[in-house]
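> Let's see this in three dimensions:
(one chain, ligands or ions: 1)
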Amino acid sequence: MKFGFDIDDTLINLREYAFHYYQEQLDQPVDIAVFHDLNRVEIHEAFGLSDEEGKNMWNRSLDFLYFTNCPLYSGALELLKQLQSDGHEIYYITSRPIEYTENTFNWMVEKGFPIVRENFFCGMKDSEKVEIIKNLQLDYYFDDKPAVLNTLTGESVNVIVKDQSYNRHLDLLRVENWDELGDLINSEIK
Ligand SMILES: [Mg+2]
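Next up, the predicted model:
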């Protein structure tokens, strides 16, 4: 089978990593409960920043956020390795800006993800992921972002949502963590 994965906030805990980084950078402590209540992908409101300020802060933080030690979600690496050793094909489809393509690929290799260059797609808009997913004829696709997930309803791919505070309004198959995803995949494909 062909499995497709988003990276940020699906495989790795990027927003929470950014939330801690922002506190340090802005010297502004904010309770983690505020993070868990955010109902949009962007995190800057928790720091009282406008959308414009938030966008600038995000963009100048990307090198740090993407390429240092953002934690992987527990169980993600293990499940991906299991899928690979079971003979499945694994694809990564991320809408990170295109200029981060090579460094992102290299970071994924360093972290031990089963990844090959031909199966790694980076730099498209959220709304363009659907075309890649259709062309690849993926059996399963796992993502967190409403702007992507909303484009996939009606497609033949089995969509699974990584539960996040900002996507709970979506009525799609959902898992809270990678152990649940493993249970779901293993029960469906065996
Ligand atoms: Mg994502």
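> what's the spacing between Tyr22 and Gly54?
Using Cβ to Cβ, to the nearest Å, Tyr22 is found at 9 Å from Gly54. For the C-beta atoms, the positions are set from N, CA and C on the backbone; glycine is no exception.
> Show me how the chain divides into domains.
Following automatic domain parsing, the chain resolves into domains at 2-12+72-189, 14-67.
> Relative to the whole chain's centre, how far out is stretch 168-187?
Here the centre of stretch 168-187 is set off from its chain's centre by 14 Å, with Cα atoms, centre = their mean, to the nearest Å.
> Just the buried residues of it, please?
Leu170, Arg174, Val175, Trp178, Leu181, Gly182, Leu184, Ile185 (16 or more other Cβ atoms under 10 Å).
> just those residues now: which is nearest the ion?
The nearest member of the buried residues of stretch 168-187 to the ion, counting by Cβ to the ion, is Leu170 at 13.4 Å.
> hang on, the earlier thing: make CSV out of the buried residues of stretch 168-187 and add pLDDT.
Formatted as CSV, the buried residues of stretch 168-187 follow (pLDDT from 0 to 100):
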residue, pLDDT
Leu170, 96
Arg174, 97
Val175, 98
Trp178, 98
Leu181, 97
Gly182, 96
Leu184, 95
Ile185, 93
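> among those, which are in helices?
Among the buried residues of stretch 168-187, the members found in helices (DSSP state H) are Trp178, Leu181, Gly182, Leu184, Ile185.
> Gly4 is in what secondary structure piece?
Secondary structure from DSSP states H and E places Gly4 in strand 2-5.
> Give me the distance between the two termini of stretch 86-105.
23 Å (Cα to Cα, to the nearest Å).
> Off-centre distance for that stretch?
Counting by Cα atoms, centre = their mean, stretch 86-105 comes out at 11 Å from the chain centroid.
> that older thread, farthest-separated two in the buried residues of stretch 168-187?
Longest distance between any two of these is 21.3 Å, between Leu170 and Gly182; criterion Cβ to Cβ.
> Not counting residues beside it along the chain, what's closest to Asn119?
Tyr91 (4.6 Å; Cβ to Cβ, 6 or more residues apart in numbering).
> quick one, what contacts the one you found?
Lys2, Phe3, Gly4, Phe5, Asn119, Phe120, Phe121, Leu136, Leu138 (Cβ atoms under 8 Å, 6 or more residues apart in numbering).
> With neighbour count added, can I get those in JSON lines?
Output for those, formatted as JSON lines (neighbours: other Cβ atoms under 10 Å):
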{"residue": "Lys2", "neighbour count": "16"}
{"residue": "Phe3", "neighbour count": "22"}
{"residue": "Gly4", "neighbour count": "23"}
{"residue": "Phe5", "neighbour count": "24"}
{"residue": "Asn119", "neighbour count": "15"}
{"residue": "Phe120", "neighbour count": "19"}
{"residue": "Phe121", "neighbour count": "19"}
{"residue": "Leu136", "neighbour count": "17"}
{"residue": "Leu138", "neighbour count": "24"}
